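Trainee: sequence? don't have it. structure:
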């Protein structure tokens, strides 16, 4: 089976995107930071604001700071997750696959718990976080397993 991964040097670029954007997204969640220079008109397929009529296929005024941060977070996470290791052998491929399976299981378990126990806006926030939790869980598990293997001297 041929698995297409990014070159190893992309992992560094991924970390450069991932870490600052993760900090930024978390900060933006707790502190309402929206720089005015990022207020722009964007095209919206659908837009529904509180106490306003739904608008379809039109331009709206919006602050894109969170959008840009999330795009950087996702792109960085994908580069970190799917870049080759310096020594990419069969064992690393097995660890990568196992970590991905774990990440999917945990991600959907969290989603199911969110469906059961979170409601209204709380559920919406959890759903938004769910976009990136699979990448975060994969990164944590894969790096942890690699460190464990390196300490045990198995690789």
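Mentor: That came in fine, so what should we check first? All values reported here derive from a predicted model rather than from experimental measurement. Residues are numbered from 1 along each chain as shown.
Trainee: got the contact list for the spatially most central residue of the chain?
Mentor: Geometric centre of the chain, nearest residue: residue 132, 2.7 Å, by Cα atoms, centre = their mean. By Cβ atoms under 8 Å, 6 or more residues apart in numbering, the contact set of residue 132 is 25, 70, 73, 74, 77. (Glycine included, C-beta is placed from N, CA and C.)
Trainee: just the pLDDT for it.
Mentor: Reading off the confidence values, residue 132 has pLDDT 93.
Trainee: same check, this time on residue 4
Mentor: 87.
Trainee: mind starting the numbering at 32 from now?
Mentor: Sure thing, new numbering starts at 32, so read that last one as residue 35.
Trainee: out of the contacts of residue 163, which are inside helices?
Mentor: Residues of the contacts of residue 163 located in helices (DSSP state H): 56, 101, 104, 105, 108.
Trainee: distance of the residue nearest to the centre of the chain from residue 157?
Mentor: Residue 163 sits 12 Å away from residue 157, going by Cβ to Cβ, to the nearest Å.
Trainee: what of residue 36?
Mentor: Applying Cβ to Cβ to residue 36 and residue 157 gives a distance of 30 Å.
Trainee: could you do residue 177 as well?
Mentor: From residue 177 to residue 157 the distance is 29 Å (Cβ to Cβ).
Trainee: repeat that for residue 122.
Mentor: 35 Å.
Trainee: quick one, strands of this protein?
Mentor: Taking DSSP state E as the test, the strands found in the chain are 70-78, 86-94.
Trainee: of residue 122 and residue 157, which one has the most company?
Mentor: Between residue 122 and residue 157, counted using other Cβ atoms under 10 Å, residue 157 has the larger neighbour count: 17 against 12.
Trainee: so that one touches residue 148, yeah?
Mentor: No - using Cβ atoms under 8 Å as the test, residue 157 is too far from residue 148 to be in contact (9.3 Å).
Trainee: got any ranges where this structure has weak pLDDT?
Mentor: When residues are selected by pLDDT under 70, those of the chain lie in 32-33, 185-186.
Trainee: nearest residue to residue 79 in space, please, no chain neighbours.
Mentor: Spatial nearest neighbour of residue 79, excluding adjacent residues (Cβ to Cβ, 6 or more residues apart in numbering): residue 85 at 4.4 Å.
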